[in-house]
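Asks: have a look; sequence and predicted model below, questions after that.
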Amino acid sequence: MTGGRHSLADTVFAALLDRAVMTEHFPMLLANGIPDTGLAVHSHFLTVLARVGQAMNYSAIAECPIWWAGDDGCGDVRADSVWFEKVSLRPLLAFEFERFERGDEGKLRGKVENLAIASNTTQDLRLCVLIYWVRSGSAARSMDAIVASYRDGFRRSGRTVAPARTPLMLVKCVMREVTGTDRLIFQEFLRDERNERLALGRA
């Protein structure tokens, strides 16, 4: 926050923290839980992201290819959710949502690299968001190498990708087991502002 004004990241995070959308549309995430089977958690939260985006008056699309980038040499790049401004139809926010378990830092880095490509090929993009979900008690050992790709650039498919231009928000989605079952229930979203600053070289 600067000068008493909320950034777009602050506004989006506040919308994620508001449980009204889950309470009304996805009660299973707050009550009985969902099975940790296949892409069940992924599917539920991509739908949550779309609904939160719609509630914020965006046109929120799940599993959205960055088709406007054309053939930039990096292959097929898509984001788990892209939020478009309804009037101009410009893509303004891009999200990736990924599971994290011990040793998955490389998987998160790949997701951040997708967001960096989206940032570099989308003139109007105002915010990129990585949400990684964990079981309660789990955490990435270090986010330094993950955000370094966003800040410093990287190579993909033999092509050098420049550092990202768009602010990056990092959010941990914590799921906990429902006692005596094989189901998971949503616990909380946590924001990692330290590594957000590192991602743009501002720490």
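Replies: Cool, got the structure.
Asks: next one: phi and psi at residue 30?
Replies: As for residue 30, its main-chain torsions (degrees, to the nearest 10) stand at phi -110, psi -10.
Asks: quick one, helices of this structure?
Replies: With DSSP state H as the definition, the chain shows helices at residue ranges 8-17, 20-25, 40-55, 105-121, 144-152, 193-199.
Asks: what about residue 88, distance to residue 128?
Replies: As defined by CB to CB, to the nearest Å, residue 88 lies at a distance of 19 Å from residue 128. C-beta: built from backbone N, CA, C; applies to glycine.
Asks: what packs against the least confident helix or strand in the chain by mean pLDDT?
Replies: Taking mean pLDDT, DSSP states H and E as the measure, helix 193-199 is the helix or strand of the chain with the lowest mean score, a mean of 84. Counting contacts by 3 or more CB pairs under 8 Å, 6 or more residues apart in numbering; DSSP states H and E, helix 193-199 is packed against helix 144-152, strand 168-177.
Asks: contacts for that helix?
Replies: Among residues not part of helix 193-199, those counted as contacts by CB atoms under 8 Å, 6 or more residues apart in numbering are 9, 143-144, 146-148, 150-151, 164, 167-170, 203.
Asks: hmm, which of those is lowest in pLDDT?
Replies: Across the set of those, residue 203 stands lowest in pLDDT, at 43.
Asks: picking up where we left off before, could the helices of the chain go into JSON lines alongside distance to residue 62 and mean neighbour count?
Replies: Below are the helices of the chain laid out as JSON lines (distance: least, CB to CB, whole Å; neighbours: other CB atoms under 10 Å):
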{"stretch": "helix 8-17", "distance to residue 62": "16", "mean neighbour count": "16"}
{"stretch": "helix 20-25", "distance to residue 62": "14", "mean neighbour count": "14"}
{"stretch": "helix 40-55", "distance to residue 62": "5", "mean neighbour count": "18"}
{"stretch": "helix 105-121", "distance to residue 62": "15", "mean neighbour count": "21"}
{"stretch": "helix 144-152", "distance to residue 62": "22", "mean neighbour count": "20"}
{"stretch": "helix 193-199", "distance to residue 62": "24", "mean neighbour count": "19"}
